[in-house]
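*Asks:* Below is the structure, and that's it, no one-letter string:
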């Protein structure tokens, strides 16, 4: 069938089974899209070859540099989202529905995406990686994600120079522990291009008064714990000639 041209379409949100999405995008062209969000109600063994080609026909998604991996622990779909530039509103979102206690599903979706040919999904080209979670019970990620699984999340991102981790998301400790297992030569095998780890926390300013602030409870203790756990990895990277700097970043919010 000839493809239908949709020259004015800028936003596309599709939620359905894999086969439906594949059939639809195979029949349309929308060259000016700036936002695409796709949710599959499937297991991770999906075929997205038509979606892959469809993305390749959209000019705004030829080159993406930043990835945000959102891991879900609240029962909703665990999305994998990619951003061309966090300031220009260009967004490519991808998610699959999966059991909230099955981290293997989320890791499988990353593996499928990393094997696709189109540039938006070429995870080895991303230079910045942001890692955060959605709502999850306290200690959830300690129960469902082993250190080796965290390393599998990072493995496809071979060009990443900057890694962002939000302390309040409770991912900082398990992620740091996974890095802490990488000593000696192994320290340079995961995220080999990594130069900076940004540990971020939220800071709230009230009534426009800079002196009146509030931070996440125990944020300073968490930062100290993260540094201690990650110290073997930082030292090993220094010795390997591929040093990594850890930096603290306050994300300012006004109330």
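*Replies:* Sure thing, it's come through. Just so you know, these numbers come straight off a predicted model, no measurement behind them.

*Asks:* Quick one: end-to-end length of stretch 158-178, please.
*Replies:* With C-alpha to C-alpha, to the nearest Å applied, stretch 158-178 spans 17 Å between its terminal residues.

*Asks:* buried residues in that stretch?
*Replies:* Residues of stretch 158-178 classed as buried: 158-160, 162-178 (neighbour count, 16 or more other C-beta atoms under 10 Å). In short, each C-beta sits where N, CA and C put it, glycine included.

*Asks:* quick one: average confidence on it?
*Replies:* Averaged across stretch 158-178, the pLDDT comes to 82.

*Asks:* Then stretch 53-60?
*Replies:* Regarding stretch 53-60, the rounded mean pLDDT is 84.

*Asks:* Restricted to strands, list the buried residues of stretch 158-178.
*Replies:* Among the buried residues of stretch 158-178, DSSP state E puts 162, 163, 164, 165, 166 in strands.

*Asks:* Name the member of those residues with the shortest distance to residue 203.
*Replies:* Nearest to residue 203 out of these is residue 166 (C-beta to C-beta; 12.4 Å).

*Asks:* Surely the closest one is in contact with residue 222?
*Replies:* No: with contact defined as C-beta atoms under 8 Å, residue 166 does not reach residue 222; the gap is 10.5 Å.

*Asks:* so what sits against both of those two?
*Replies:* Common neighbours of residue 166 and residue 222 (criterion: C-beta atoms under 8 Å, 6 or more residues apart in numbering): residue 172.

*Asks:* Stretch 36-48: end-to-end distance?
*Replies:* Stretch 36-48 has an end-to-end distance of 14 Å (C-alpha to C-alpha).

*Asks:* now that stretch: mean pLDDT?
*Replies:* 71.
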